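**Q** Got a predicted model here, sequence first, then my questions.
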There are 2 protein chains.
Amino acid sequence: MGTDFDNGITDLNLEDIARLSGVSRSTVSRVVNHHPNVSEITRRKVLEIIERYNFKPHPAARALASQRANIIGILIPHIVSDLFTDPFFSILLQGITTAANSVNYSPILWLTSANVDESAFYDQVFNDRLADGMIVASATVNASFIKRLDQRGKPYIIIGRPFTAYEQSSYVDSENEQGARMMVEHLIKQGRRRIGMITGRSGLTSSHDRLQGYISALQHADIPIDMRLITPAGDYSDASGYTGMKLLLHHRIDAVFAANDVMAASAMRAIKEAGLRIPEDIAIGGFDDMGISRTTEPQLTTVQQPITQLGDYAVRGLIDLLEGRVEPPYQQMLPVKLIVRQST
Amino acid sequence: MGTDFDNGITDLNLEDIARLSGVSRSTVSRVVNHHPNVSEITRRKVLEIIERYNFKPHPAARALASQRANIIGILIPHIVSDLFTDPFFSILLQGITTAANSVNYSPILWLTSANVDESAFYDQVFNDRLADGMIVASATVNASFIKRLDQRGKPYIIIGRPFTAYEQSSYVDSENEQGARMMVEHLIKQGRRRIGMITGRSGLTSSHDRLQGYISALQHADIPIDMRLITPAGDYSDASGYTGMKLLLHHRIDAVFAANDVMAASAMRAIKEAGLRIPEDIAIGGFDDMGISRTTEPQLTTVQQPITQLGDYAVRGLIDLLEGRVEPPYQQMLPVKLIVRQST
DNA sequence: AACAAGTTTGGGAGCGCTCCCACAATATTT
DNA sequence: AAATATTGTGGGAGCGCTCCCAAACTTGTT
């Protein structure tokens, strides 16, 4: 069969390795798959040959025979612009791919694109036969989406608790509500009373939950909710943070909680432009704890969300489902942490 | 074999479809693969069954038999932080996946990660047997990297011309030098003479070429190069644009060219903070034409780089290599375009 | 009508694995 | 020492395709 280059890849197969090490194809297979019933001597002998020739089993053959491709699909059905302004997805992607690689799975990627027919795209995704299971990295999933997911018959995990049918579906999410409450309680403890909120994109449970946390913290402190202090049109983008803050500045607030760091940073710009000091005149808190929160002036108090771990748990959960170790729904809420810096 | 749900996926195989439509396995295979030698009547009959049962061929079986998996690897060996601050990679990723999907290829993703052993990661990537070819989305490739790429024996395309061995390797890149020259010539035409430059990350041909374009435009206009007007430590990041601009402000410049939009935007902040007007006191130009260039105040004059098309060409080129339609090296330089807005 | 050339179709072999079953070798018990 | 349990090994069948070759059917030509 194949020839070997020094250190290059070879196209030997199991049979070749078997012949070279004087055992049968089955035994080599057992060695490769860490099957227990192989004598130590044989194992070593075979491993030596495998290493010498840098043999790797052919993934397609393996997938065909075992009906498992060791491939997970990553679906990011997000509108393009979000992907660019919010590093959340990049970090998440990184977490997912790293976790997948560490357990010998390959991630295949599906991204929606502006100039491609959406329904054709989803047909493609849902008819895919390559991936054993999939991770949906968006919380904008509705009931019909989940239905298609279920109907597909393969395991899946959603990153971000969906609004609908969340009792039955598998997801991994951060404790958004609790994080928001911690932040607002912290602001209250600093003596702030007129606390505004710049909300996230509507239609996402993360936005909903963070708003909920804000409300519940105020209620617990017996501070009445003033609807004018809650911006209606935030969407996690830089621009919406800036304009949201401009609006809030009309209501002489003494603190503001932005639903993510990106908006907090642009809100800080608006505050400074208005000639106010942070945190003396207005304290500000964000959410996510991404790189940006350490580069603002002053550094931003925020809620740390374990984005990488979100990917990690999603991958591990998916594989547990795939290998039948757990039954769906697989649901995980990951803890968040208040990071106090100079902006509050 | 399998049962069919309405609209769901089925696990029928070629043989089943053959039986259901009264032909042989081979004929169904020919229909699926658009082989010409099938009579129109047979083709229609088979297609009807295929559609009724929503049959899709099993990718692993196909890959095993044909020795082509229809999978391309995307390698982004970039340091983490770049991925987040610069939307370039997100857009590129989007372009690549969209192009791949449109020709029925699945993209698998490799991202480096901070807390993972780098050499183990590369071993994994270079030993991968799944992908038919790969796209390397980073210009920080050195000679030994290209050597491994070549030694792997599978087609590859680098996004961004590499410094070393670029005569032999396949790449797709934008006309960075020409774009930079166009920008600086434009500034000169506007009457600017003391033009500063905020450079990109060193070690990338894109930074090198944009700087080259800046220099050549000045030379053609007989404006002497003043090294003090070239920031040494730019790296395409928001922070480096800001600090770079602060430095340039000591040299009473009347224009500045930033090697990307991200840095241009933060440089604009620095200019405003210094109490200067854009473009009256200082004109500023960027590079990339990403979303950000339209949200700055004033809107940013920039060089439009066809990022999505970069991905597109890379995919098409790779597949041409894969299918033997062209011989390596495949090299494409894509045109750029000056977009004049209010900042100059 | 007979033949050549082209078109359409079917079946076999094979891609490189996994997984099962049968058998061989060894260890444990009586 | 023989019988039994345990561990280790080999080979066959099969996963669902592609691709080649041969057979069957068309069509065109003399």
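**A** Perfect, I can see it now. What you see is a predicted model, and the numbers here were worked out from it, not measured in a lab.
**Q** contacts and neighbour counts: CA atoms only from here.
**A** Noted.
**Q** Just list the residues touching residue A:59, thanks.
**A** By Cα atoms under 8 Å, 6 or more residues apart in numbering or on different chains, the residues touching residue A:59 are A:69, B:129-130.
**Q** Please tabulate those residues in a markdown table and include neighbour count, secondary structure and pLDDT as additional columns.
**A** Putting the contacts of residue A:59 into a markdown table (neighbours: other Cα atoms under 10 Å in any protein chain shown; DSSP: H, G, I helix; E, B strand; the rest coil; pLDDT from 0 to 100) gives the following:
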| residue | neighbour count | secondary structure | pLDDT |
| --- | --- | --- | --- |
| A:69 | 22 | coil | 96 |
| B:129 | 19 | coil | 94 |
| B:130 | 19 | coil | 95 |
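**Q** Now render those residues as a markdown table, adding distance to DNA strand D.
**A** Shown next, in a markdown table, are these (distance: Cα to the nearest atom of the strand, whole Å):
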| residue | distance to DNA strand D |
| --- | --- |
| A:69 | 12 |
| B:129 | 16 |
| B:130 | 15 |
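**Q** For the stretch 51-200 of chain A, which residues score under the pLDDT cut-off?
**A** Applying pLDDT under 70 to the stretch 51-200 of chain A picks out residues A:78-85, A:139.
**Q** By neighbour count, which bits of stretch A:222-238 are buried? Give me those.
**A** A:225, A:229-231, A:234-238 (16 or more other Cα atoms under 10 Å in any protein chain shown).
**Q** who in chain A is up against chain B?
**A** Within reach of chain B by Cα under 8 Å from any Cα of the partner chain, chain A has these residues: A:8-9, A:56, A:58-61, A:63-64, A:69, A:83-85, A:87, A:90-91, A:94, A:97-98, A:106-113, A:127, A:129-130, A:151-152, A:239, A:295.
**Q** Show only the entries of those found in strands.
**A** Among the residues of chain A next to chain B, the members found in strands (DSSP state E) are A:106-111.
**Q** Restricted to helices, list the buried residues of stretch A:222-238.
**A** Applying DSSP state H to the buried residues of stretch A:222-238, the entries found in helices are residue A:238.
**Q** In terms of helices and strands, where is residue A:29?
**A** Element membership for residue A:29, per DSSP states H and E: helix A:25-32.
**Q** elements contacting that helix?
**A** Contact partners of helix A:25-32 among helices and strands, from 3 or more Cα pairs under 8 Å, 6 or more residues apart in numbering or on different chains; DSSP states H and E: helix A:14-21, helix A:40-52.
**Q** near DNA strand D at all, it?
**A** Yes - if you take Cα under 7 Å from any atom of the strand as the test, helix A:25-32 does meet DNA strand D, through A:25-27.
**Q** Residues of chain A that sit close to DNA strand C?
**A** So chain A meets DNA strand C at A:11-15, A:25-26, A:29-30, A:32-33, A:56-59, A:61-66 (Cα under 7 Å from any atom of the strand).
**Q** out of those residues, which are buried?
**A** Of these, these count as buried by 16+ other Cα under 10 Å: A:11-12, A:14-15, A:29, A:32, A:56, A:58-59, A:61-64.
**Q** a markdown table for these, including distance to residue A:217?
**A** Shown next, in a markdown table, are those (distance: Cα to Cα, whole Å):
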| residue | distance to residue A:217 |
| --- | --- |
| A:11 | 62 |
| A:12 | 64 |
| A:14 | 62 |
| A:15 | 66 |
| A:29 | 59 |
| A:32 | 55 |
| A:56 | 56 |
| A:58 | 56 |
| A:59 | 53 |
| A:61 | 56 |
| A:62 | 54 |
| A:63 | 52 |
| A:64 | 54 |
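**Q** in the stretch 101-250 of chain A, which spans are strands?
**A** Taking DSSP state E, counting those that start in this stretch, the strands of the stretch 101-250 of chain A run over residues A:106-111, A:133-136, A:156-159, A:171-174, A:195-198, A:230-231.
**Q** The fifth one pairs with which strands?
**A** To tie it back to what came earlier, the one meant is strand A:195-198. strand A:230-231 (parallel), strand A:255-258 (parallel) (DSSP bridges).
**Q** Put together JSON lines for those, with distance to residue B:142 on each row.
**A** Shown next, in JSON lines, are the strands paired with strand A:195-198 (distance: least, Cα to Cα, whole Å):
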{"stretch": "strand A:230-231", "distance to residue B:142": "50"}
{"stretch": "strand A:255-258", "distance to residue B:142": "43"}
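**Q** Which single residue of the stretch 201-344 of chain A ends up nearest DNA strand C?
**A** residue A:323 (10.9 Å; Cα to the nearest atom of the strand).
**Q** quick one on the thing from earlier: okay, the residues of helix A:25-32 next to DNA strand D in TSV with pLDDT next?
**A** Shown next, in TSV, are these (pLDDT from 0 to 100):
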residue	pLDDT
A:25	93
A:26	94
A:27	94
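**Q** ok, of the buried residues of stretch A:222-238, which one's closest to residue A:140?
**A** Nearest to residue A:140 among these: residue A:235, at 12.9 Å, using Cα to Cα.
**Q** Could you pull up the residues touching that closest one?
**A** Applying Cα under 8 Å, 6+ apart, the residues near residue A:235 are A:199-202.
**Q** ok, residue A:155 touching residue A:320?
**A** No - using Cα atoms under 8 Å, residue A:155 is not in contact with residue A:320, being 9.6 Å away.
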